[in-house]
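# Quick one, what's the 3D model for this:
(one chain, ligands or ions: 1)
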Amino acid sequence: MLDAPTPVLDHPLLPPVREALTRVDDPEIKKPITELGMVAAVEVDATGQVRVEVLLTVSGCPMKDTLRREVTAAVSAVEGVTGVRVDLGVMSDEQRVALREQLKGGQTDRDIPFAQPGSLTKVIAVASGKGGVGKSSVTVNLALALAAAGRKVGLLDADIYGHSVPAMLGIADARPTSVEDMILPVPSNGLKVMSIGMLKPRRDQVIAWRGPILDRALTQMLADVYWGDLDYLLLDLPPGTGDVAISLGQKLPNAEVLVVTTPQAAAAEVAERAGTMASMMNQRVIGVVENMSYLAVTCPHCGEEQRHEVFGSGGGQDTADGLTTRLGYDVPLLARVPLDPQLRAGGDEGAPVVTSAPAQPSAQALAALADGLDRRGRGLLGRQLGLAPAGR
Ligand SMILES: Nc1ncnc2c1ncn2[C@@H]1O[C@H](COP(=O)(O)OP(=O)(O)OP(=O)(O)O)[C@@H](O)[C@H]1O
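Residues are numbered from 1 along each chain as shown. Sure, this is the predicted structure:
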C-alpha cells in the first residue's frame, strides 16, 4: 500500500484520472461512480501517485473488492500514473438520500416503472401449470442468452415455492444492498437478479407468502428495486394459477407470458390452464416451450443419434394448439428443449448450460428461443419468429 501522497493542486494528471473514473460503473447500479456522487476525492502527488476516495453506498458493501479493483485498473491505465491507492469510505445518510432521489428520478414510491405507458422494457413472465417442468431452468438460461446477445436483462424470481433462481446462478446466499428503502438487485453473470427468497433474512427461513405479505413483497420487488434501464425483465412465476399470477397480472398487465410444459398430456392440460389465467389478466401469451422433449442417445453400433421420448410426445404442440383455440390468436410452440444431464448439472452447480456448455443441444435450443424472442422484440411483431422447433 502506498503512503498517503501529498497532493499537488492542479496536477496535470488530475483531468485524465478524473476522466478514467467516469468509465468505472458501480457494479450494482451500473452507472458511472462519478455520476453517483461516489468519488469523494482524487489527489495526485509530485511523483504521479494517485489517491482516490470512493464512498460506498453502505458499509460492508458486497461489491467493495470489485470496485477497488476496477478503480485501480482504470486509474493505473492513465499514462504517467505511477501508483494508485483507493480509500473506501461510506456515504452519509444525506448522501444516500440524495442518491436514492437521483436514481428514482421523480418516480413516486409505489410506481412500477415497467407498468408506465412509456416503458421500453419487455416484460416476459414464464409460467407453468405444474412444478418441476423446468420453468426456472428455462427462465435462467433464456435470461443469460439474451444478456449474451448484448441485452440488458433483469431476472425476478417470484416463485414462492421454489425460488431456485439464485442457486442456479451460484448466488444462493447473496443478499441485495439497500440504499435507504431502495433495493439494488444482485449482479450476476451480466444479469440483475432479485428473488423473493432474498427478502428473507436467512435462506432457510420459512415464510408463508400469502395475502398482504405476498403482495407487499411483489410490489417491493417491482417498485422498490432499482432495476435501471432494462431491455428485458424476465419473471419466474410459481407453478399454477395462484395468488402470484393474479397479483402480477394486476401489477403488470402489459407483461407477455411464456408457458413451459413437458411432452406429457397431463402436463399440457394444466399448462393450458396457466396460459388461460394469464390471458384473463389481459396478458398476452406469446408461446409455449416444451422442455424435456426427448433424450438424445448416440447408438454405440451405428453412431446414429436416437431420440427417446421419455415423457411421451406432443404435449408442447397440444398446449400451443389448445391455447390458440381458447385465446383466439396464434400461440406457437417456440422451442423443444431436450433432456440433458448437463443442463441439470449446470443448474445444480450454479453454471447454467447456455454459458457453461453452449454447444449442448439443450443450450442451443434455449439460445435459439432467446434469439427468436429478441428478433420479435426488436419490432418484427406479427412476423413469423423463424424458430424451427427442434426435431420437427
Ligand atoms: N431439459 C432438462 N434436462 C435435464 N434436467 C432438467 C431439464 N430441465 C430441467 N431439469 C431439471 O429438473 C429439475 C426441475 O427444474 P426447474 O427447477 O427448472 O423446474 P421448475 O418448473 O422451475 O420447478 P418449480 O417450479 O417446482 O421450482 C431441476 O433439477 C433441473 O435441473
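# and Leu327, how many neighbours?
By the criterion of other Cβ atoms under 10 Å, Leu327 has 17 neighbours. Where C-beta positions appear, they are placed from N, C-alpha and C, glycine not excepted.
# Sorry, slip of the keys, the one I care about is Asp229.
Using other Cβ under 10 Å, Asp229 is surrounded by 12 other residues.
# With the flanking residues excluded, which residue is spatially nearest to it?
The spatially closest residue to Asp229, leaving aside those adjacent along the chain, is Lys152, at 6.3 Å (Cβ to Cβ, 6 or more residues apart in numbering).
# Next: Ala370.
That would be Ala145: by Cβ to Cβ, 6+ apart, it lies 3.4 Å from Ala370.
# so where does that neighbour fall, helix or strand?
Using DSSP states H and E, Ala145 sits within helix 135-148.
# wait, does that helix contact the ligand?
Yes: applying Cβ under 6 Å from any ligand atom, one finds helix 135-148 touching the ligand at 135-137.
# Next secondary structure after that helix?
strand 153-157.
# Tell me the helix or strand right after that following strand.
Using DSSP H and E, the helix or strand that follows strand 153-157 in sequence is helix 165-168.
# Could you point out the helix or strand that follows that following helix?
Following helix 165-168 in sequence order, the next helix or strand is strand 177-179 (DSSP H and E).
# Contacts for that following strand, please.
Residues external to strand 177-179 that are found in contact with it (Cβ atoms under 8 Å, 6 or more residues apart in numbering): 28, 57-58, 61-63, 96, 99-100, 103, 183-184, 226.
# What distance do you get for the residue nearest to Ala370 to Val354?
Using Cβ to Cβ, to the nearest Å, one obtains 5 Å as the distance from Ala145 to Val354.
# Quick check: neighbours shared by the two?
366-367.
# Could you measure from the residue nearest the centre of the chain over to Met221?
For the chain, Leu155 is the residue whose C-alpha lies nearest the centre (Cα atoms, centre = their mean; 2.6 Å). Counting by Cβ to Cβ, the separation of Leu155 from Met221 is 11 Å.
# Now do the shared contacts for these two.
With Cβ under 8 Å, 6+ apart, Leu155 and Met221 have common neighbours Met194.
# circling back: verify the contact between the residue nearest to Ala370 and Leu373 for me.
No: with contacts defined as Cβ atoms under 8 Å, Ala145 does not count as touching Leu373, sitting 9.3 Å away.
# quick one: average pLDDT of stretch 76-86?
The predicted model gives stretch 76-86 an average pLDDT of 95.
# what does stretch 94-105 give?
Average pLDDT, stretch 94-105: 80.
# chain center to it: distance?
Relative to the mean C-alpha coordinate of its chain, stretch 94-105 is positioned 24 Å out (Cα atoms, centre = their mean, to the nearest Å).
# need the residues of the stretch 51-200 of the chain near the ligand, please.
Taking Cβ under 6 Å from any ligand atom as the criterion, the neighbours of the ligand within the stretch 51-200 of the chain are 128, 131-137, 159, 162, 164.
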